[in-house]
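Engineer: Pasting the sequence and the predicted coordinates here, then a few questions.
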Amino acid sequence: MQIEKTILAKGFSEIIKGKKYTQNYANGRSQSVKFLAIHYTGTTGSALNNLKYFASRYVGASAHLFIDPDGLIYQSVPFGDTAYGVGTTGTYRHATCRNSNSISIELVSDGKGPFTSAQIATLKSVIAELRATYNIPATNVLRHHDVTGKTCPAYYVNASRWDALSSQILGTASAPKPVTSTPAVPAKVAPVPAPKPAAKYNLTRTLKRTSKTVNGKKQWTTTGADVKELQKAIGMTGKDVDGIFGNKTHDAVKAYQKKVGFTGKDVDGAVGPMTAKKLGWLYKGK
Ligand SMILES: [Zn+2]
């Protein structure tokens, strides 16, 4: 990712400490990153000025990234730290998105019109990069509005505008939206939506053990995030969920295949289209 200008945590917290302001963000995270939250700054002040502002006084708020109208990105908080972007003392609209598991992205905008095309292009590439890095499904790319009901980003609280922006920045049809209204006092009157069903795991390749011969011995392995998801999905637990498709996982897949009614050569211990379908996974592999 091209983060054009970066002010890292060091400078950020040093300035705040020097002025005896409480930090505007927390070191580290208590959960892994699962969501991206999109905001607008509500002013036309530049991204850099936003960074300076947040670094110079106690605000009790922060975001990881700021994107200028010309598309340049500025980083204010490292991704591994917790920015205070989507917290509320009121009622959460979203069941699980919190500061601890989200990355907040602010776009410099007064909210009266759309983001610039340069901002949208940058946002699109940042989102693609972050989604790939943290394995974030499209349904977890949210507006601040979706999390707490706040009118943020103001222009895109409107459902059809957000739908259009979503398709641009996700490169797909937009995610389902929990609420489409634009309440006047959102945090107080917004109904709490039912939690969204977990996104189906998007399988992109056939999962099976692969072998190679090392020093005359056959070693069986397939590794990766897919494997862990698979292990959990077929009921493996504890330290068996190790992300390694070895003999144990192969046998567990076979047992699963028998359990769901496969017979004969379909009980092969590999996860291709048929098994993926039984698991409720999307299969896009070859
Ligand atoms: Zn916001």
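Structural biologist: That came through, no problem.
Engineer: In the stretch 151-286 of the chain, where is pLDDT below threshold?
Structural biologist: The model of the stretch 151-286 of the chain has pLDDT under 70 over residues 172-210, 218-225, 281-286.
Engineer: need the residues of this structure near the ion, please.
Structural biologist: Neighbours of the ion within the chain, by C-beta under 5 Å from the ion: 39, 144, 152. All C-beta atoms are positioned from the backbone trio N, CA, C, and that covers glycine.
Engineer: Buried ones among those residues?
Structural biologist: Neighbour counting over these (16 or more other C-beta atoms under 10 Å) leaves 39, 144, 152 as the buried ones.
Engineer: And for the second one, nearest residue in space, chain neighbours not counted?
Structural biologist: On the basis of C-beta to C-beta, 6 or more residues apart in numbering, the spatially nearest residue to residue 144 that is not a chain neighbour turns out to be residue 152, at 3.9 Å.
Engineer: contacting residues for the one you found?
Structural biologist: 39, 40, 42, 143, 144, 145 (C-beta atoms under 8 Å, 6 or more residues apart in numbering).
Engineer: what's across from the first one in the sheet?
Structural biologist: So the one you mean is residue 39. Residue 39 has these beta-bridge partners by DSSP bridges: residue 106.
Engineer: Correct me if wrong: it contacts residue 111.
Structural biologist: No: counting by C-beta atoms under 8 Å, residue 39 does not reach residue 111; the two are 10.2 Å apart.
Engineer: Between the two, which contacts overlap?
Structural biologist: residue 153.
Engineer: wait, is residue 29 part of a strand?
Structural biologist: No: per DSSP: H, G, I helix; E, B strand; the rest coil, residue 29 lies outside any strand segment and is coil.
Engineer: any idea how far it lies from residue 95?
Structural biologist: Distance check for residue 29 against residue 95: by C-beta to C-beta, to the nearest Å, it reads 19 Å.
Engineer: Give the burial count for residue 214, as a bare number.
Structural biologist: By other C-beta atoms under 10 Å, 8 other residues sit near residue 214.
Engineer: Run through the bridge partners of it.
Structural biologist: residue 217.
Engineer: Quick check: it vs residue 248, distance?
Structural biologist: 19 Å.
Engineer: what does residue 128 give?
Structural biologist: From residue 128 to residue 248 the distance is 35 Å (C-beta to C-beta).
Engineer: Also residue 33?
Structural biologist: 29 Å.
Engineer: Over to residue 103?
Structural biologist: Counting by C-beta to C-beta, the gap from residue 103 to residue 248 is 35 Å.
Engineer: do the same with residue 139
Structural biologist: For residue 139 relative to residue 248 (C-beta to C-beta), the value is 32 Å.
Engineer: Residue 108: how many residues sit nearby?
Structural biologist: By other C-beta under 10 Å, neighbour count at residue 108 equals 25.
Engineer: Now it. Its backbone dihedrals?
Structural biologist: Backbone torsions for residue 108, taken as degrees, to the nearest 10, come to phi -70, psi 120.
Engineer: can you pull the contacts of it?
Structural biologist: So residue 108 contacts 40-41, 43-47, 50, 66-69, 119 (C-beta under 8 Å, 6+ apart).
Engineer: Mind doing that once more with 6 Å?
Structural biologist: By C-beta atoms under 6 Å, 6 or more residues apart in numbering, the residues touching residue 108 are 41, 47, 68, 69.
Engineer: Return the backbone torsion pair for the last one.
Structural biologist: So that's residue 69. Torsion angles, degrees, to the nearest 10, at residue 69: phi -60, psi -30.
Engineer: Could you double-check that residue 124 sits in contact with residue 171?
Structural biologist: No: taking contacts as C-beta atoms under 6 Å, residue 124 lies outside contact range of residue 171: 7.2 Å.
Engineer: between the two, which one's more packed in?
Structural biologist: Between residue 124 and residue 171, residue 124 has the larger neighbour count (other C-beta under 10 Å), namely 15 against 11.
Engineer: which strands and helices sit next to the helix or strand where that one lies?
Structural biologist: Element membership for residue 124 (DSSP states H and E) is helix 117-134. Here helix 117-134 touches helix 159-170, going by 3 or more C-beta pairs under 6 Å, 6 or more residues apart in numbering; DSSP states H and E.
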